[in-house]
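1. give me coordinates for this.
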Amino acid sequence: MPCPAPAFAIRTQAFDEDYRPAESTRITTNFANLARGERRQENLRNTLRMIDNRFNSLAHWDNPRGDRYGVELTIVSVEMTIAGEQGQDPFPLIEMLETRILDHTTGERIDGVVGNNFSSYIRDYDFSVRLQEHRKTHPGSEAPADFGDLHGNLFKLFLASPAYRERFAKAPVICLSVSSNQTYYRTGNEHPLLGIEYRNDAFSATDQYFAKMGLKVRYFMPRNSAAPLAFYHMGDLLRDYSNLEIASTISAMETFQKIYRPEIYNANSVAAEYFRPSLTCQDYSLTRVVYDREERSRLAVSQGRLAEERLIKPYQAVLAQWSASPAH
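-> Got it, this is the predicted structure:
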């Protein structure tokens with residue numbers, strides 16, 4: 001007998017200069033990493049200023065002083081409960097960011113985009129625990145055939161749930177770094193805000209993983225950017241979202257990328273027609289934001305183990321059904 005779909009609940013928290021990570025937040029999540037240490041408030045203040053400045057440079061029309069808009073960020077935390085499991089604590093499934101634009105001229109608040117950053121304990125488990133163990137027992141094999149199926153189906157179930165549909169009007173857009181294992185080349189397509197489109201000849205591991213979530217990818221390098229960004233989306237990216245919505249995603253996620261991948265996104269030279277991103281590039285500038293990238297990589301394994309202990313092992317039978325059955 002098929003098991004019932006999981007129940008989802010959404011909690012939100014403002015990402016501002018007073019932000020402190022919730023206990024359930026992955027400590028390696030990009031925005032959580034910035035909010036730690038002695039310079040936490042300075043980090044947050046500088047990050048938010050960078051986002052606002054970048055947004056105004058993109059939304060430059062009717063904006064002569066470059067200060068008309070502000071971008072407000074909200075952390076969207078998704079918890080999952082398995083139906084019929086007594087005593088189960090809700091599991092922190094996903095964290096994303098929601099943008100909202102404040103027009104200082106009119107006082108209006110305009111909905112932005114949900115998604116942007118993407119954080120997942122199960123993704124940590126898949127890449128840092130399951131995939132590594134698979135490669136030890138199957139030398140030369142890239143990944144199990146069902147790699148990412150569970151995560152993808154849970155994501156689709158969440159998007160189809162009342163929790164998501166009652167809160168958000170549009171599908172998410174997730175904006176990440178391009179892969180340092182791929183070569184990207186310019187096309188003849190250019191969008192007024194997204195900029196120059198790039199393509200590659202093969203899916204990266206992240207592209208394949210997000211495809212299991214029902215998301216396709218396009219790569220664009222916005223005006224005055226150093227490198228293209230990967231935009232994971234459903235539907236038509238160029239048609240389904242307004243210019244201000246797109247600008248809010250670019251400004252938020254390019255800022256994060258400049259902070260934690262400066263070799264690519266704060267490089268002193270712009271991506272060429274054929275572009276191979278490299279984290280060993282030395283010709284780049286640092287921002288005034290402190291970010292502990294080594295800690296982020298090191299703790300991914302422990303976070304994957306937490307997902308294994310709290311979710312994967314205790315609920316194997318239920319999860320196996322979800323993993324094997326396409327979610328709509």
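2. tell me which helix or strand of this protein sits lowest on mean pLDDT?
-> Least confident helix or strand, the chain: helix 30-34 with a mean of 69, by mean pLDDT, DSSP states H and E.
3. whichever helix or strand comes after that one: how far from the chain's middle?
-> Sequence-wise, the next helix or strand downstream of helix 30-34 (DSSP states H and E) is helix 40-58. Relative to the chain's own centre, helix 40-58 is displaced by 18 Å; criterion: CA atoms, centre = their mean, to the nearest Å.
4. check which residues of helix 40-58 are buried.
-> 40, 43-48, 50-52, 54-58 (16 or more other CB atoms under 10 Å). Yep, even glycine has a C-beta here, placed from its N, CA and C like the rest.
5. neighbouring strands for the helix or strand just after that helix, and are they parallel or not?
-> For helix 40-58, the following helix or strand on the C-terminal side (DSSP H and E) is strand 69-81. In the sheet, strand 69-81 lines up against strand 7-15 (antiparallel), strand 91-103 (antiparallel) (DSSP bridges).
6. check which residues of the last one are buried.
-> By neighbour count, and taking 16+ other CB under 10 Å as the criterion, the buried residues in strand 91-103 are 91, 92, 93, 94, 95, 96, 97, 98, 99, 101, 103.
7. what sits closest to the third one if chain neighbours are left out?
-> In this case it means residue 93. residue 80 (4.3 Å; CB to CB, 6 or more residues apart in numbering).
8. quick one: contacts for the one you found?
-> Listed by CB atoms under 8 Å, 6 or more residues apart in numbering, the contact set of residue 80 reads 6, 7, 8, 90, 91, 93, 154, 158.
9. so in terms of bridging, what pairs with residue 197?
-> residue 220.
10. ugh, wrong one, residue 79
-> The residues that residue 79 bridges to, once DSSP bridges is applied, are residue 9, residue 92.
11. just checking, it touches residue 92?
-> Yes - taking contacts as CB atoms under 8 Å, residue 79 lies within contact range of residue 92: 5.9 Å.
12. quick revisit: separation between the residue nearest to residue 93 and residue 95?
-> Relative to residue 95, residue 80 is positioned 12 Å away (CB to CB, to the nearest Å).
13. next: residue 264.
-> Distance from residue 264 to residue 95, by CB to CB: 23 Å.
14. same check on residue 248?
-> Taking CB to CB, one finds residue 248 at 18 Å from residue 95.
15. okay, now the closest residue to residue 181 other than its chain neighbours: neighbour count?
-> Residue nearest to residue 181 in three dimensions, not counting chain neighbours: residue 204, with 6.1 Å by CB to CB, 6+ apart. As a burial measure, residue 204 scores 17 neighbours (other CB atoms under 10 Å).
16. where does residue 86 land on pLDDT?
-> pLDDT, residue 86: 55.
17. next one: the one 5 residues further on
-> On the pLDDT scale, residue 91 is placed at 90.
18. residue 315 now?
-> You'll see residue 315 listed with a pLDDT of 88.
19. and it, backbone torsions?
-> Backbone torsions of residue 315, given as degrees, to the nearest 10, read phi -120, psi 40.
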